[in-house]
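Undergrad: Quick check, what structure comes out for this input:
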Amino acid sequence: MIAVNVVKYQRLTHRDCCEITLTNNNGGTVTILNYGATLEKFIVPDHQGKFINMVLSLSKASYYSKERNFLGGTVGRIIGRMSDGKWTFGKNSYQFNNNDGKNHAHGGVEGFDTQVFDFKIVQKEKSASVVLTLFDYAGYNGYPGNVKVQVTYTFTEENTLIYQISAITDDITLFNPGNHSYFNLDGKGRILNQNLLIDASRYLPLNNNSIPDMGYMSVEDTVFDFRSGNLIKSAIVSQDKQIIKQNGLNHPFLLDGHNVAAILTSSDEQRRMLMKTTAPSIVVYTANHFNHSGYANNIGQYDGVALEAQLPPTDDPMLQSITLLPGERFESETSWHMDY
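TA: Here you go, the predicted model:
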């Protein structure tokens, strides 16, 4: 049976913040914070028995609440950007705070990744789960509708971590959450020589405000073609205008719907992560903005790659694709399997 260890490390808003560590029989461990329903660490052994943390982490658990870096957090109500922070639905218009230049981003100033979730542990014969819940009330960060959110992390004996989100609302609202973990299968250093495969024939280019308002484009004969796998640096060092504007990858890929959505392989080809998701797209972000500063002073540019499973971002002012209706249940599942 997978072992569970819970450590309280601080209190915020009169609530305990805890590190919950799940350890399987292989010695692999996953550490979850109930602050932000955050994946803090994902440590598994390689074929030589060496343990490597496969996700970017801050030096201390308490640092996650001191500076917002989205590392491993559950981002919502929407992950990504909303052009001008405006949403129109029928006769109703909403103006959200623009916390990213001209855009509303990542759920606003106090999104899900900044909230303390309630949690419980569920243990089974070959897995253990951390079930985190949050009641996000109407009007918080400007969003209409009360939303009850449940985030579940399940760790198995096979070194697979399953991430599930479900939610219901009592009013029309926007909802497109996701996990924002950064992966590095070398454990440290830049990810430029790691190989990335993405099951996507189309991607969404971005305008100068990082909004995908130009429709989709084929990856064929572009630096965005990762269908057969390619080194991440093949895009980063290119002279593609989209890459130059973003200082790297920061783009939505529309998945073709096969069993495996993405595969990331370490630079020495000794470790591999297989990602599956029920989401129709992945936003690939190569940690372009990190610069060894603040509480993330252990992280630099291109030290990790985020593979954000989500509904495709859109510049449609109606935002119909990410609208959640009363009585409608949102459900999404993503898994990351580590092998060698």
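Undergrad: which residues of the stretch 101-250 of the chain score low on pLDDT?
TA: Within the stretch 101-250 of the chain, no range satisfies pLDDT under 70.
Undergrad: Going along the chain, name the helices of it.
TA: Shown for the stretch 101-250 of the chain, the helices assigned by DSSP state H, counting those that start in this stretch span residues 233-236, 241-246.
Undergrad: so which of those helices comes closest to residue 90?
TA: helix 241-246 (34.2 Å; CB to CB). Any C-beta I mention is one placed from the backbone N, CA and C, and that applies to glycine too.
Undergrad: So what touches that closest one?
TA: 205, 206, 208, 210, 223, 224, 235, 236, 249, 251, 288 (CB atoms under 8 Å, 6 or more residues apart in numbering).
Undergrad: Got a ChimeraX select line for the buried ones in those residues?
TA: Per 16 or more other CB atoms under 10 Å, the buried members of the contacts of helix 241-246 correspond to this ChimeraX selection:
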select :205,206,210,223,224,235,236,249,251
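Undergrad: how about TSV for the contacts of helix 241-246, with distance to residue 188 added?
TA: What follows is these, written out as TSV (distance: CB to CB, whole Å):
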residue	distance to residue 188
205	32
206	29
208	33
210	28
223	26
224	27
235	21
236	18
249	20
251	25
288	18
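Undergrad: Sort out which of the contacts of helix 241-246 are in strands and list them.
TA: For the contacts of helix 241-246, membership in strands holds for residue 251, with DSSP state E as the criterion.
Undergrad: Which of the contacts of helix 241-246 sits closest to residue 216?
TA: Set against residue 216, the nearest of the contacts of helix 241-246 by CB to CB is residue 205 (8.4 Å).
Undergrad: Surely the closest one touches residue 218?
TA: No: assessed by CB atoms under 8 Å, residue 205 is found out of contact with residue 218, at 11.1 Å.
Undergrad: residues touching residue 11, list them.
TA: Residue 11 touches residue 17, counting by CB under 8 Å, 6+ apart.
Undergrad: which SS class is it?
TA: strand (DSSP: H, G, I helix; E, B strand; the rest coil).
Undergrad: Quick check: bridge partners of it?
TA: With DSSP bridges applied, residue 11 shows beta-bridge pairing to residue 16.
Undergrad: do the one 10 residues further on as well
TA: Beta bridges link residue 21 to residue 5, residue 31 when assigned by DSSP bridges.
Undergrad: okay but it is in contact with residue 2, surely?
TA: No: the criterion here is CB under 8 Å, and residue 21 misses it with residue 2 at 10.1 Å.
Undergrad: neighbour count winner among the two?
TA: Counted by other CB atoms under 10 Å, residue 21 and residue 2 do not tie: residue 2 has more neighbours, with 22 against 19.
Undergrad: Hmm, residue 178 and residue 322 touching each other?
TA: No: assessed by CB under 8 Å, residue 322 is found out of contact with residue 178, at 11.1 Å.
Undergrad: List the residues that contact the residue lying closest to residue 41 once chain neighbours are set aside.
TA: Spatial nearest neighbour of residue 41, excluding adjacent residues (CB to CB, 6 or more residues apart in numbering): residue 31 at 4.1 Å. Residues in contact with residue 31, defined by CB under 8 Å, 6+ apart, are 19, 20, 21, 22, 39, 40, 41, 42, 43.
Undergrad: Can you mark which positions in stretch 173-189 are buried?
TA: 173-186.
Undergrad: nearest to residue 129, of those residues?
TA: residue 179 (15.1 Å).
Undergrad: Quick one: neighbours of the closest residue to that closest one other than its chain neighbours, just the number.
TA: Using CB to CB, 6+ apart and skipping residues adjacent in sequence, the residue nearest residue 179 is residue 163, 5.4 Å away. Residue 163 has 21 neighbours, counted by other CB under 10 Å.
Undergrad: One more: the one 4 residues further on?
TA: Residue 167 is flanked by 22 other residues according to other CB under 10 Å.
Undergrad: Could you do the one 4 residues further on as well?
TA: Residue neighbour count, defined by other CB under 10 Å, stands at 13 for residue 171.
Undergrad: Now do it against residue 88, distance only.
TA: From residue 171 across to residue 88, the span is 16 Å (CB to CB, to the nearest Å).
Undergrad: And for residue 73?
TA: To residue 88, residue 73 is 28 Å away according to CB to CB.
Undergrad: which residues of the stretch 1-150 of the chain fall in strands?
TA: 3-12, 15-23, 29-33, 38-45, 51-53, 74-75, 81-83, 86-89, 92-95, 103-105, 118-123, 127-136, 147-156 (DSSP state E, counting those that start in this stretch).
Undergrad: Can you check which of the ones you listed gets nearest to residue 294?
TA: Among those, strand 38-45 sits nearest to residue 294 (CB to CB), with 17.1 Å.
Undergrad: how distant is that closest one from the center of its chain?
TA: Using CA atoms, centre = their mean, to the nearest Å, the mean C-alpha position of strand 38-45 is found 14 Å from that of the whole chain.
Undergrad: Just the CA atoms of it, as CSV, please.
TA: Extracted as CSV, the C-alpha positions of strand 38-45 are listed here (Å, rounded to 0.1, in the frame of the first residue of the first chain):
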residue,chain,number,x,y,z
THR,A,38,-0.2,22.3,-6.1
LEU,A,39,2.1,19.5,-7.3
GLU,A,40,5.3,20.4,-5.4
LYS,A,41,7.5,17.4,-6.2
PHE,A,42,7.4,14.3,-8.4
ILE,A,43,10.4,12.2,-7.6
VAL,A,44,10.9,8.7,-9.2
PRO,A,45,14.0,6.5,-9.5
